[in-house]
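1. Let's see this in three dimensions:
(one chain, ligands or ions: 1)
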Amino acid sequence: MTLVRAFPASVTFLFMLALLLGALPAIFALLVGRLVETLPAAVEGGMGSAAGGRVVTTLVWVTAVLVAREVVDGVYQVAKWDFYRRYEEYLMARVMRATLAAPRLELFEDREQAAVADKAVHIAGWEPGDLVDGWTTKWRVQAPGLASAVLVATVWPIAAVVVTAVWVLISRRLQADLHRSDLYAYGEALRHADYYSRIGQRIEWAKEVRVFGLVDWVAGRFGRQWAVILDEMWKARRVDQRSTTLLFVALAAANGGVLVLAARSAADGSLGIAGLTVLVQGLLGLAALADQDADNLIVYGSPHIPTVRELEQAVAAQSTRPAGTLVASGPAHEVRFDGVRFAYPGREEPVFDGLDLRIEAGTSLGIVGINGAGKTTLIKLLAGLEAPQAGRITVDGTDLADLDPDSWRRRVAAIFQDFVRYELPARDNIGFGSIDVRDDERIAEAAHRAGANDVLAGLPNGLDTLLSRRFPGGVDLSGGQWQRIALARAMVAVQAGARVLVLDEPTAQLDVRAEADIYDRFLDLTHGLTTIVISHRFSTVRRADRIVVLDAGRISEDGSHDELVAAGGTYARLFAKQAQRYHDAADGGDDA
Ligand SMILES: Nc1ncnc2c1ncn2[C@@H]1O[C@H](COP(=O)(O)OP(=O)(O)OP(=O)(O)O)[C@@H](O)[C@H]1O
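-> Sure thing, here's the model as predicted:
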């Protein structure tokens with residue numbers, strides 16, 4: 001139905017062509033019947049006789065049918081693949097639009113929603129046009145079957161009804177069987193198999209998989225997962241084989257009965273040779289009614305649209321709030337977390353339970369905490385990528401939930417530790433800080449601020465250089481060089497109006513001096529903005545105006561570096577430990 005609604009003209013055109021293609025073999029069978037009937041008289045009377053003339057005319061028609069079949073089939077194939085590609089684009093665009101429209105990250109983090117999203121993405125990435133291929137193949141295959149039924153009916157209507165009925169029953173039984181064994185029901189087993197195959201294919205994982213000798217393990221797991229899938233499929237297929245066998249016995253009996261009775265009628269002269277020829281060809285053609293090739297594709301393709309719809313509904317459910325207030329500028333006074341509770345979907349243990357934090361606008365804040373303390377989660381909440389389950393986050397007194405998410409995010413520039421390395425030109429990798437900035441001067445200026453000029457100077461085609469070795473002319477960068485590019489991206493966002501700048505450990509791959517240099521420069525250049533720095537290096541964090549320590553979902557310490565050191569708490573202890581390590585390393589000649 002979706003096909004008809006979305007592409008009425010293509011469906012109608014192809015359907016009509018399929019009917020025509022179905023009729024041609026039936027016409028051919030009638031012509032062969034006429035030929036067989038007329039040939040003996042033509043042989044006897046010569047080609048100049050009336051019978052000879054009829055044979056010639058029939059042969060001309062046969063040729064016309066053969067040519068027409070080739071031409072119409074050619075047009076059908078062209079139209080079918082054009083439709084296939086257009087449907088593919090339609091489906092992929094819907095999946096992409098739905099995924100990108102998700103305002104927050106639940107779609108990826110909630111187990112059920114992630115399963116729907118995975119399934120839709122899987123569909124979009126692998127033969128999404130199955131449904132078109134299936135239906136167009138089905139029409140193409142079944143139309144001659146239907147025409148054969150008409151053909152048999154012209155000779156012997158009862159035989160047509162009986163044999164057609166048995167073929168239809170067989171077709172339905174085989175279809176049901178196919179549905180039961182539908183691999184693309186995409187259960188958990190297939191999802192896991194998908195994941196194992198991706199481990200083997202992703203360039204980001206290629207190093208580790210080889211270094212740890214995981215190649216055989218991954219291949220083995222993939223094979224085992226498929227064995228589970230195939231086992232499930234065969235178990236499903238074994239159901240009800242008896243009635244299918246019985247149907248085939250009934251078919252043989254019906255065909256055999258019709259042929260015996262037809263032979264008897266031919267012997268007593270009540271059925272002519274032309275009728276017998278047409279009948280036999282028609283019986284053969286009826287088998288097309290139970291052809292399974294197209295059903296396979298339809299079974300694979302049918303869940304695509306409902307799955308995409310499910311994905312769209314899941315995303316729509318996330319964005320039911322009325323349009324929020326547009327944010328014209330950054331926070332003038334503060335961003336506050338008041339009694340914030342947040343737990344990830346499917347996790348009972350909350351990351352925050354009653355978190356209170358005031359971030360004063362125009363100052364720098366350092367966040368410290370052990371791994372898993374919730375530093376990144378706090379930033380995701382601040383950027384509106386997650387929503388608190390209790391408590392409030394306010395910007396100058398307005399609840400974040402009441403602000404327009406896009407316009408708020410334009411005020412926030414965050415570079416996460418796992419920032420994206422786009423396999424695109426350097427210009428895009430930096431310019432994505434603000435999609436409206438396409439001015440090379442501004443991009444160069446941002447690169448300068450981020451200390452990335454040297455990186456750009458080393459690129460063979462400057463800003464046009466593709467940052468990926470997987471494409472011709474592309475280059476890859478070192479971890480530290482990538483981080484400078486990511487910082488330049490943040491600087492572009494600042495140029496474009498971001499007023500809250502977050503660096504969530506994107507500089508961890510820089511050496512200590514380079515990181516300190518970047519932060520000094522960063523704090524200088526972003527003076528007057530609200531900046532948040534997350535780092536495990538105290539030498540970096542100490543430069544912030546104020547530092548908070550996150551512990552067990554709350555702020556356990558709060559103050560300037562000197563205040564926290566003087567307080568002698570966790571911060572002071574960890575700072576002393578790290579300072580001692582660097583001191584020892586420096587004594588040992590290590591640059592740390
Ligand atoms: N997408 C997620 N789904 C479920 N749990 C998550 C998710 N992301 C993080 N967590 C959990 O939330 C807690 C806080 O994680 P978060 O990444 O915010 O910590 P962090 O302080 O930034 O850690 P690190 O210093 O290691 O970067 C951890 O227990 C982590 O396991």
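
2. Just the closest residue of the stretch 101-250 of the chain to the ligand, please.
-> Proximity of the stretch 101-250 of the chain to the ligand (Cβ to the nearest ligand atom) peaks at Glu109, 4.4 Å away. Every residue, glycine included, has its C-beta placed from N, CA and C.

3. residues of the strand or helix carrying Val315 that come out buried?
-> Val315 is part of helix 304-318 when elements are defined by DSSP states H and E. For helix 304-318, burial by neighbour count (16 or more other Cβ atoms under 10 Å) applies to His304, Ile305, Thr307, Val308, Glu310, Leu311, Glu312, Ala314, Val315, Gln318.

4. For the residues you listed, which two are the farthest from each other?
-> Greatest spatial distance among these (Cβ to Cβ): His304 and Gln318, at 22.0 Å.

5. now the helices for the stretch 1-150 of the chain?
-> 2-6, 8-45, 50-101, 106-109, 111-125, 130-155 (DSSP state H, counting those that start in this stretch).

6. Nearest to Ile298 among the ones you listed would be which one?
-> Closest of these to Ile298 is helix 130-155, at 3.6 Å (criterion: Cβ to Cβ).

7. circling back to that earlier point, please identify the most buried of the helices of the stretch 1-150 of the chain.
-> With neighbours taken as mean count of other Cβ atoms under 10 Å, the helices of the stretch 1-150 of the chain reach their highest mean count in helix 130-155, at a mean of 22.

8. Now do that one against helix 8-45, angle only.
-> 40 degrees (axes from the mean of the first three to the mean of the last three Cα atoms, to 10 degrees).

9. for the record, mean pLDDT for the next helix or strand after helix 130-155?
-> Next along the chain after helix 130-155, taking DSSP H and E as the criterion, comes helix 157-180. For helix 157-180, the mean per-residue pLDDT is 88.

10. can you list the residues that contact helix 157-180?
-> 145, 149-150, 152-153, 236-237, 239-240, 243-244, 247-248, 250-251, 254-255, 258, 261-262, 279, 282-283, 286-287, 289-290, 292, 295-296, 299 (Cβ atoms under 8 Å, 6 or more residues apart in numbering).

11. Report the distance from the following helix or strand past that helix to the chain centre.
-> The helix or strand immediately downstream of helix 157-180 is helix 188-201, counting by DSSP H and E. Remark: helix 188-201 is offset 14 Å from the chain centroid, using Cα atoms, centre = their mean, to the nearest Å.

12. about what we covered before: just send the helices of the stretch 1-150 of the chain back as JSON lines, with distance to Gly473 too.
-> Converted to JSON lines, the helices of the stretch 1-150 of the chain look like this (distance: least, Cβ to Cβ, whole Å):
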{"stretch": "helix 2-6", "distance to Gly473": "39"}
{"stretch": "helix 8-45", "distance to Gly473": "39"}
{"stretch": "helix 50-101", "distance to Gly473": "27"}
{"stretch": "helix 106-109", "distance to Gly473": "33"}
{"stretch": "helix 111-125", "distance to Gly473": "26"}
{"stretch": "helix 130-155", "distance to Gly473": "36"}
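
13. Just tell me which of those ends up closest to Ile359.
-> Nearest of those (Cβ to Cβ): helix 106-109, 24.5 Å.

14. contacting residues around Val152?
-> Here Val152 is in contact with Ala159, Ala160, Val163, Thr164, Val278, Leu279, Gly282, Leu283, Leu286 (criterion: Cβ under 8 Å, 6+ apart).

15. Do you know the pLDDT at the last one?
-> pLDDT recorded at Leu286 is 91.

16. hang on, it in a helix?
-> Yes: using DSSP: H, G, I helix; E, B strand; the rest coil, the secondary structure at Leu286 is a helix.

17. Not counting its neighbours along the chain, what's nearest it?
-> Spatially, and ignoring its direct neighbours in sequence, Leu286 is nearest to Ser148 (4.8 Å; Cβ to Cβ, 6 or more residues apart in numbering).

18. list the contacts for the one you found?
-> Contact analysis of Ser148 by Cβ under 8 Å, 6+ apart lists Pro25, Ala26, Ala29, Gln281, Gly282, Leu283, Leu284, Gly285, Leu286, Ala288.

19. Closest one of those to Ala101?
-> Looking across the contacts of Ser148 and measuring by Cβ to Cβ, the closest to Ala101 is Ala288, at 43.6 Å.

20. Could you tell me which residues of the stretch 301-450 of the chain lie near the ligand?
-> Tyr344, Arg347, Val351, Gly369, Asn371, Gly372, Ala373, Gly374, Lys375, Thr376, Thr377 (Cβ under 6 Å from any ligand atom).
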